[in-house]
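Peer 1: sequence plus the predicted model coming up.
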Amino acid sequence: MDDTTADVAEKLPDNSKKKSFASDVLTLAGGTTFAQILTILSAPVLTRLYGPEDFGIWALYISITSIISVIACMRYEYSIMLPESDEDAVNLLGLSFLAVLFVSGLTFPAIWYLKEPIVTLLNSQQIGDYLWLVPPFIFVNGAFLALNNWNTRTKLFKRLSLSRVFSSVSATTTQIGLGFTERIGAGGLIAGSLAGQSISTFVLGGQIWRDDRKLIMKSLSWKKVYEGFKKYRKFSLIDTWAALMNSVSWQLPAFLLSAFFTPAVVGFYSLGFRLLQLPMSFIGGSISQVFFQRASRAYSEGTLSILVENVFRMLVIIGMFPILILTIVGGDVFTVIFGKAWAEAGVYAQILSLWAFIWFISSPLTTIYVIVEKPHFGFHYNFFNLITRLLSLIIGGLLGSARTALMLFSISGILVYGYLCLKMMSYSGVKASRALQIIFSNFIIFVPAGVILVALKTAGINQILLVIFSGLITGIYYLYILKTDTQIKKIIRDFRTD
């Protein structure tokens with residue numbers, strides 16, 4: 001066992017009241033519900049203030065910043081979770097901030113010299129007007145990543161929930177307010193994102209400084225920071241490239257759709273994918289936030305397979321039914337809510353929906369390869385994922401069809417993420433047959449609702465009525481699960497008694 005991963009299997013410090021996994025997840029998810037609802041409710045307003053091309057430019061900006069942000073801390077932010085000592089973790093937090101300053105500082109000259117090649121490559125002159133806003137976004141986002149991992153270590157998830165609420169409110173109000181300004185275009189959406197991320201970082205940082213200031217001031221040492229840099233540098237180097245490839249692969253659709261087609265097509269994709277991903281990342285992100293800490297402990301205690309199977313089953317129960325509903329009525333949902341001008345975004349959402357489900361059930365489990373000391377798996381997997389996505393989108397682009405490009409992208413994603421999911425289950429000791437059994441049993445529950453929706457759609461029922469009926473069926477499903485599923489009932493009971 002090398003120094004990089006040796007600490008992963010050790011028990012992590014528990015500086016707060018012991019709570020169940022479900023309690024921590026629900027605390028984090030419940031606290032961000034308001035933020036997610038506000039984002040969803042604002043979408044119909046934003047689509048009437050900004051056009052598809054504005055959304056496309058915004059998507060390109062977010063894609064550029066997302067790629068750089070993922071390595072803003074040079075992956076040292078993940079090392080904050082590993083040491084037994086809080087004092088050592090504080091110095092890794094300091095190391096992460098130094099990495100953020102270094103990376104965001106390098107971004108300024110890079111953007112200055114590469115502005116014209118970026119504009120040419122992305123086939124969008126407008127994106128050049130906003131590239132100067134990339135470095136400040138990298139800085140605040142990188143700082144947030146470091147603070148977020150410290151917050152996960154201390155298990156004070158309510159602080160993170162509050163910061164997310166502030167982020168959503170500030171981003172949404174800024175975007176809507178600027179949307180009423182004539183000729184501001186994509187700048188309003190970009191300014192809102194920067195404002196939201198900045199306020200979220202300052203809110204979380206302010207709470208951490210208030211609560212942990214004495215520990216931070218007492219523990220910080222240049223010597224300890226340097227020791228942390230040396231101890232985790234191998235993991236940082238390996239995982240930085242893996243994370244960079246993963247981030248690039250996520251942003252490829254925006255870049256290649258812009259290169260082969262128009263910013264409007266990117267805008268349709270951006271809205272469809274954003275609203276498809278939002279509820280999925282809302283739940284999955286909250287589970288991931290807690291899972292890494294709990295899985296590290298479960299691995300050392302020999303109970304990782306039990307934890308992973310329970311989490312996987314919960315993800316399938318939550319995600320499968322609504323995604324399959326959207327696969328049938330996605331185009332109708334977007335037409336009714338956002339208007340006929342955004343119907344194509346609904347079609348894109350339908351194409352991507354099954355891939356989004358496979359991503360949803362596998363993404364929270366990806367830290368398993370770190371926990372079981374398989375760091376090279378992440379590099380090899382992300383390389384393969386990047387290549388398959390690149391080929392899929394290029395083939396679709398050369399064929400001249402955005403729908404074909406996204407269909408190939410979705411199919412490759414289903415296969416790659418399906419493999420990832422089964423591999424993580426295998427690493428944790430859960431049989432593939434058990435995972436497939438969980439998926440099949442939940443699919444059977446969907447079949448009656450799916451048959452009814454297909455029949456109604458074939459009969460040409462009014463779109464508004466179809467969307468309302470779909471919402472009612474989904475609501476009935478979740479009520480049924482809450483009443484009958486013993487695991488969900490236990491989660492709620494544990495949360496109430498914690």
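Peer 2: In hand now; what should we look at?
Peer 1: quick one: the helices in the stretch 201-350 of the chain?
Peer 2: Using DSSP state H, counting those that start in this stretch, the helices of the stretch 201-350 of the chain run over residues 222-231, 233-260, 263-301, 304-338, 343-362.
Peer 1: residue 110: which of these is closest?
Peer 2: Of all the helices of the stretch 201-350 of the chain, helix 233-260 sits nearest to residue 110, with 14.3 Å by Cβ to Cβ. No exception for glycine: its C-beta is placed from N, CA and C like everyone else's.
Peer 1: quick revisit: out of the helices of the stretch 201-350 of the chain, nearest to residue 74?
Peer 2: Of all the helices of the stretch 201-350 of the chain, it is helix 233-260 that lies closest to residue 74, at 5.4 Å by Cβ to Cβ.
Peer 1: picking that back up, just send the helices of the stretch 201-350 of the chain back as CSV, with mean pLDDT too.
Peer 2: Supplementary listing: those in CSV, determined by pLDDT from 0 to 100:
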stretch, mean pLDDT
helix 222-231, 86
helix 233-260, 81
helix 263-301, 76
helix 304-338, 88
helix 343-362, 90
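Peer 1: save those as a markdown table, and put in distance to residue 58 and mean neighbour count too.
Peer 2: Shown next, in a markdown table, are those (distance: least, Cβ to Cβ, whole Å; neighbours: other Cβ atoms under 10 Å):
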| stretch | distance to residue 58 | mean neighbour count |
| --- | --- | --- |
| helix 222-231 | 36 | 15 |
| helix 233-260 | 10 | 20 |
| helix 263-301 | 7 | 21 |
| helix 304-338 | 16 | 21 |
| helix 343-362 | 14 | 23 |
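Peer 1: low-confidence bits of the chain, can you list those?
Peer 2: Judged against pLDDT under 70, the low-scoring parts of the chain cover residues 1-33, 157, 182-183, 235, 238, 279-290, 292-293, 373, 375, 487-498.
Peer 1: give me the element residue 433 is part of.
Peer 2: In the assignment (DSSP states H and E), residue 433 maps to helix 432-458.
Peer 1: run through who's touching the very next helix or strand once past that helix.
Peer 2: From helix 432-458 onward toward the C-terminus, using DSSP H and E, the following helix or strand is helix 463-484. Around helix 463-484, the neighbours that count as contacts under Cβ atoms under 8 Å, 6 or more residues apart in numbering are 317, 321-322, 325, 328-329, 332-333, 335-337, 445, 449, 452-453, 456-457, 461, 488-489, 492.
Peer 1: how about stretch 128-136?
Peer 2: Where contact means Cβ under 8 Å, 6+ apart, the residues beyond stretch 128-136 that reach it are 57, 61, 64-65, 68, 104-105, 107-108, 111, 115-116, 118-119, 186-187, 190-191, 194, 198.
Peer 1: distance between stretch 417-428 and the chain's centre?
Peer 2: When C-alpha coordinates are averaged (Cα atoms, centre = their mean, to the nearest Å), stretch 417-428 and its chain have centres 19 Å apart.
Peer 1: tell me the buried residues in that stretch?
Peer 2: Within stretch 417-428, the residues that qualify as buried by neighbour count (16 or more other Cβ atoms under 10 Å) are 417-418, 420-425, 427-428.
Peer 1: same check, this time on stretch 173-186
Peer 2: Buried, per 16+ other Cβ under 10 Å, within stretch 173-186: 174-176, 178-179, 184-186.
Peer 1: now, which of the residues you listed sits nearest residue 41?
Peer 2: Comparing every one of those with residue 41 (Cβ to Cβ), the shortest separation belongs to residue 176, at 10.8 Å.
Peer 1: next, the angle helix 233-260 makes with the helix or strand where residue 388 lies.
Peer 2: Secondary structure from DSSP H and E places residue 388 in helix 375-398. Using axes from the mean of the first three to the mean of the last three Cα atoms, to 10 degrees, the direction of helix 375-398 lies 10 degrees away from that of helix 233-260.
Peer 1: check which helices and strands helix 375-398 sits against.
Peer 2: Counting contacts by 3 or more Cβ pairs under 8 Å, 6 or more residues apart in numbering; DSSP states H and E, helix 375-398 is packed against helix 233-260, helix 368-371, helix 402-428.
Peer 1: for those helices, which one sits closest to residue 356?
Peer 2: Proximity to residue 356, assessed across the helices and strands packed on helix 375-398 by Cβ to Cβ, is greatest for helix 402-428 (8.4 Å).
Peer 1: quick revisit: mind putting the buried residues of stretch 173-186 into JSON lines with distance to residue 214 and secondary structure?
Peer 2: Supplementary listing: these in JSON lines, determined by distance: Cβ to Cβ, whole Å; DSSP: H, G, I helix; E, B strand; the rest coil:
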{"residue": "174", "distance to residue 214": "35", "secondary structure": "helix"}
{"residue": "175", "distance to residue 214": "39", "secondary structure": "helix"}
{"residue": "176", "distance to residue 214": "41", "secondary structure": "helix"}
{"residue": "178", "distance to residue 214": "41", "secondary structure": "helix"}
{"residue": "179", "distance to residue 214": "44", "secondary structure": "helix"}
{"residue": "184", "distance to residue 214": "45", "secondary structure": "coil"}
{"residue": "185", "distance to residue 214": "47", "secondary structure": "coil"}
{"residue": "186", "distance to residue 214": "44", "secondary structure": "helix"}
